[in-house]
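Engineer: Let's see this in three dimensions:
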Amino acid sequence: MTGLIMENGLSAILQHITNKDNAAEDLKLGLFQNNVTPALSDVIGTYTAATFTGYSAITLTGASWGITLGDPVLLAYAQQTFTSSADQTPQSIYGYYLFRSATLDIVGAEKFSVAQTVQFNGDTIKITPRIYLQNAP
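Structural biologist: This next block holds a predicted model:
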């Protein structure tokens, strides 16, 4: 994810590393349809979830993340595909976000450089979730 990791996301990462938070949660990957630029103070309500036919957020199970050590450390997940299941009114999708499945804390978000449109049965949006953690200079 070359986008922004929000304060809640950084907090969640640190809580997991230190085992302060004993209730591990899978992340969910969602698409947003409002034209918003991610900011550190964002919450789940900042993003309006996509509503095209066939859409639902995708659960990213913890065990399926791959990790590559280095600077930056890379956490990567296999490509995920959102597919429209009907012809419908066009819907602009401006980006994607990651959130915790139970608490709904937003972890990160990225806005596409150009909005993608979903209108027809079979239209797809593909996302390869990646999170980079790097030491500050």
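Engineer: Start and end of stretch 42-52, how far apart?
Structural biologist: Chord length of stretch 42-52, first to last residue, is 23 Å (Cα to Cα, to the nearest Å).
Engineer: what sits up against it?
Structural biologist: For stretch 42-52, contacts defined as Cβ atoms under 8 Å, 6 or more residues apart in numbering pick out 6, 8, 30-34, 36, 39, 55, 57, 82, 84, 88, 91, 93, 97, 99, 104-106, 109, 118, 123. All C-beta spots, glycine's among them, are computed from the backbone N, C-alpha and C.
Engineer: Go through the protein and flag its longest strand.
Structural biologist: Longest strand in the chain, counting residues (DSSP state E): strand 106-118.
Engineer: Let's test this: name the helix or strand in this protein with the lowest mean pLDDT.
Structural biologist: Of all helical and strand segments in the chain, the minimum by mean pLDDT, DSSP states H and E falls on helix 7-17, at a mean of 67.
Engineer: can you pull the alpha-carbon coordinates of the longest strand of the chain into PDB?
Structural biologist: Coordinates of the C-alpha atoms in strand 106-118 are reproduced here as PDB (Å, rounded to 0.1, in the frame of the first residue of the first chain):
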ATOM      1  CA  ILE A 106      -9.600   1.900   9.700                       C
ATOM      2  CA  VAL A 107      -6.000   0.800   9.100                       C
ATOM      3  CA  GLY A 108      -5.100   2.400   5.800                       C
ATOM      4  CA  ALA A 109      -6.400   3.700   2.500                       C
ATOM      5  CA  GLU A 110      -5.300   4.600  -0.900                       C
ATOM      6  CA  LYS A 111      -6.900   6.800  -3.500                       C
ATOM      7  CA  PHE A 112      -6.500   5.700  -7.200                       C
ATOM      8  CA  SER A 113      -4.800   8.200  -9.500                       C
ATOM      9  CA  VAL A 114      -7.900   7.900 -11.700                       C
ATOM     10  CA  ALA A 115     -11.300   6.800 -10.500                       C
ATOM     11  CA  GLN A 116     -12.400   3.400 -11.900                       C
ATOM     12  CA  THR A 117     -16.000   2.900 -13.100                       C
ATOM     13  CA  VAL A 118     -18.100  -0.200 -12.500                       C
END
